[in-house]
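Asks: fold the following.
(2 chains)
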Protein chains: 2
Amino acid sequence: MIRNDKTEENINKIRYDTAIQLAQREVEDILSKSPIIIRKYTNHLTSSQGKYIRAKSLLLSAEDKLGFIHPNAITMASAIEILHLATLVHDDVIDDAKLRRGMITLQKKYDKKTAVICGDYLLCAALKMAASISDKQDYHSMNLPDYMSKICLGELNQHINNGNINLTIFQYMKIISGKTAALFEASFYAGAYFAGNDQIQQKTYRKIGYLLGMIFQLTDDCIDFESSEEEALKPVQSDYEQGVITLPLIHTFDQRKDLKERAFNNQLARDEINQAVHTSGGLVFAKMVVQRYYKKAQRLIQTLDETDEKKGKLIAMLDKVSRITR
Amino acid sequence: MIRNDKTEENINKIRYDTAIQLAQREVEDILSKSPIIIRKYTNHLTSSQGKYIRAKSLLLSAEDKLGFIHPNAITMASAIEILHLATLVHDDVIDDAKLRRGMITLQKKYDKKTAVICGDYLLCAALKMAASISDKQDYHSMNLPDYMSKICLGELNQHINNGNINLTIFQYMKIISGKTAALFEASFYAGAYFAGNDQIQQKTYRKIGYLLGMIFQLTDDCIDFESSEEEALKPVQSDYEQGVITLPLIHTFDQRKDLKERAFNNQLARDEINQAVHTSGGLVFAKMVVQRYYKKAQRLIQTLDETDEKKGKLIAMLDKVSRITR
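Replies: Predicted coordinates for the structure are as follows:
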């Protein structure tokens, strides 16, 4: 369905930079103007806000041919960031994480119970926000609860496979396609929809979003082995200790059966793991996978019926998420 | 807005008994046909299903003048039951509960992490279901995420006040109006809406739902002091041990400052508490409050522009939820 009606509606000629600011303000409002009883906790989250990469993905995709962004796209971008925040709050409960974005986590500062309820509240706030957009058809086309279900299933899948050193590459890819890529897919899809693209082009945007999400997660997995805590603003070299087996390690175990056996018997120290992913080619392999996804996404962006300027911005976004692995 | 269009749509002439069965089947389908990875957990929940009191409230309210129920009401009733189930799963994590509806809880049988994710999944499934109803306006008028937010705030409020022996009656009423009454209000409201009532009558239904929810919770609080575990199919005489201060106890503490002081110093045994709520009039007081809510709800039901038959059914529902306190 081509959304020609958007042209008439475009009374607010909002450009990308303004749109991002408005989305950030909407998110901050949700957090800082929440009901008194929960404000202490949501305020704590305000101080540790992320990079708004999902909102930026959505709003960039939402630029129409004239470079304008529909107000509904801004609301959806804010909703997706709040939804993401909700999953982080619950993630931290599940992983017993102490730090997030350089700040103490909600579950650590208060308790797990508070964090479960706050996550629920944010989840509802996000879905409420998405449902509030003026053109109801827009909301239903996105089907945000459906994407949210996918994220839950990805997280459950990861949890079930916690400590599973026999995890295959295929299983791992399935986990992250739910856990991370689903929300990127939703963001690009929503953006393409609000920009008035036809269904074929919407589908291409979805694919690009999916690939970008996979790259984002794989890059994050590499950071865990490569970066210092100061650089990453969160605990690093911690995935393995928490039982989270990621691609660099799966490949390392495939190459080094001796290490795998010792991991199975709990005889493997963190230092050995970190050294092995470097020396056995685990990190190189993960980066090769990123490179393949990158090229695929790049090709898809080139096929889009968009201006060279917009394509350039999409490539820049792609470069950004894959920054350390290129 | 009067929903006259419903008359034309009423091609499926569904009556209450069939509607309940269909709603139950929809809920069972969500649980038993969930994605493989989560099915083990959702199947566990199938075996401990509740009394469908919220779905029954909705469907009874949804009966139109001819006694028929619109299919959308059935979907909304199923969504509300799934939503309720999601809150129970998270509740059990928060309360560290071992039994629910006579069955071992998900968080006890598996672990808290699994239960957090399953609760999230069910929450999304419920909102997805509600958003799937054919007339989108119906979904948006209900604003289910908003009611869900109210429930979260009620739960948070209860958690914050865990072990607070200075909890006032007013604070307590506020907690349960969110935690329990909100979803009953939503059920009656949705029912009235689907039956094609005007906004004034919808408002009366909402009030009735709210009162019924309050009665339901207060009755539950009394059961905790009065019933045996076999009767209640869940742990009883446990609220106080879990730090949950309910109305019978608040009144008892008001009457018996000596007990309150000993509770403050952790010197109060469970037996003493149970005896005191009986002897000091705490239970009698809670039942008086129930009685007042009951009469108010009864009066409101009588003002409805409904057949005597439907009014009779609503009174029967009211009798059911307040059964042990009358």
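
Asks: how many neighbours does A:M288 have?
Replies: Counted with other Cβ atoms under 10 Å in any protein chain shown, the neighbours of A:M288 add up to 13. In short, each C-beta sits where N, CA and C put it, glycine included.

Asks: try the one 5 residues further on
Replies: Here the count is done by other Cβ under 10 Å, and A:Y293 has 21 residues near it.

Asks: next: the one 4 residues further on.
Replies: Residue crowding around A:A297 was assessed by other Cβ under 10 Å; the count is 24.

Asks: how about the nearest residue to it, chain neighbours excluded?
Replies: Leaving aside its chain neighbours, A:A297 sits nearest to A:L211 (4.1 Å; criterion: Cβ to Cβ, 6 or more residues apart in numbering or on different chains).

Asks: pretty sure that neighbour is touching A:Q291, no?
Replies: No: judged on Cβ atoms under 8 Å, A:L211 makes no contact with A:Q291 at a distance of 11.7 Å.

Asks: just to revisit the earlier point, quick one: residues contacting the residue nearest to A:A297.
Replies: A:A181, A:Y293, A:Y294, A:K296, A:A297, A:L300 (Cβ atoms under 8 Å, 6 or more residues apart in numbering or on different chains).

Asks: what does the closest residue to the first one other than its chain neighbours show for phi and psi?
Replies: Nearest in space to A:A181, with sequence neighbours left out and distances taken as Cβ to Cβ, 6+ apart, is A:G213 at 3.2 Å. In terms of degrees, to the nearest 10, the main-chain angles of A:G213 are phi -70, psi -40.

Asks: what about A:G213, how many residues nearby?
Replies: 27.

Asks: close enough to count as contact, it and A:F184?
Replies: Yes: with contact defined as Cβ under 8 Å, A:G213 reaches A:F184; the gap is 3.1 Å.

Asks: for A:L99, what are phi and psi?
Replies: Here A:L99 shows phi and psi, under degrees, to the nearest 10, equal to phi -120, psi 150.

Asks: ugh, wrong one, I meant A:M103
Replies: According to degrees, to the nearest 10, A:M103 has phi -120, psi 150.

Asks: pretty sure it sits against A:G50.
Replies: No: using Cβ under 8 Å, A:M103 is not in contact with A:G50, being 10.8 Å away.

Asks: for the residue nearest to A:A181, list the residues it contacts.
Replies: A:I176, A:S177, A:T180, A:A181, A:A182, A:L183, A:F184, A:E185.

Asks: mind doing that once more with 10 Å?
Replies: A:53-54, A:57, A:176-177, A:179-188, A:293, A:321 (Cβ atoms under 10 Å, 6 or more residues apart in numbering or on different chains).

Asks: distance of it from chain B?
Replies: 18 Å (Cβ to the nearest Cβ, to the nearest Å).

Asks: try A:L314
Replies: From A:L314 to chain B the distance is 29 Å (Cβ to the nearest Cβ).

Asks: neighbours around A:R270, how many?
Replies: Neighbourhood size, A:R270 [other Cβ under 10 Å]: 11.

Asks: ok, A:A186 next?
Replies: Residues contacting A:A186 under the criterion other Cβ under 10 Å number 28.

Asks: A:L127 now?
Replies: Applying other Cβ under 10 Å, we find 28 residues neighbouring A:L127.

Asks: repeat for A:S227
Replies: 16.

Asks: quick check: pLDDT value at it.
Replies: A:S227 is assigned 71 on the pLDDT scale.

Asks: can you select the buried ones from the contacts of A:G213 in PyMOL?
Replies: Those of these that count as buried under 16 or more other Cβ atoms under 10 Å in any protein chain shown are selected in PyMOL with:
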select buried, chain A and resi 53+54+57+176+177+179+180+181+182+183+184+185+186+187+188+293+321
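
Asks: give me the subset of the contacts of A:G213 lying in helices.
Replies: A:53-54, A:57, A:176, A:182-188, A:293, A:321 (DSSP state H).

Asks: would you map the helices across the stretch 1-150 of chain A?
Replies: Assigned by DSSP state H, counting those that start in this stretch, the helices in the stretch 1-150 of chain A fall at A:5-9, A:16-32, A:36-46, A:53-61, A:71-95, A:106-109, A:112-131, A:136-142, A:144-160.

Asks: re earlier: which one of the ones in helices among the contacts of A:G213 is nearest chain B?
Replies: Nearest to chain B out of these is A:A182 (Cβ to the nearest Cβ; 11.6 Å).

Asks: touching, that closest one and A:N157? I think so.
Replies: No: using Cβ atoms under 10 Å, A:A182 is not in contact with A:N157, being 11.9 Å away.
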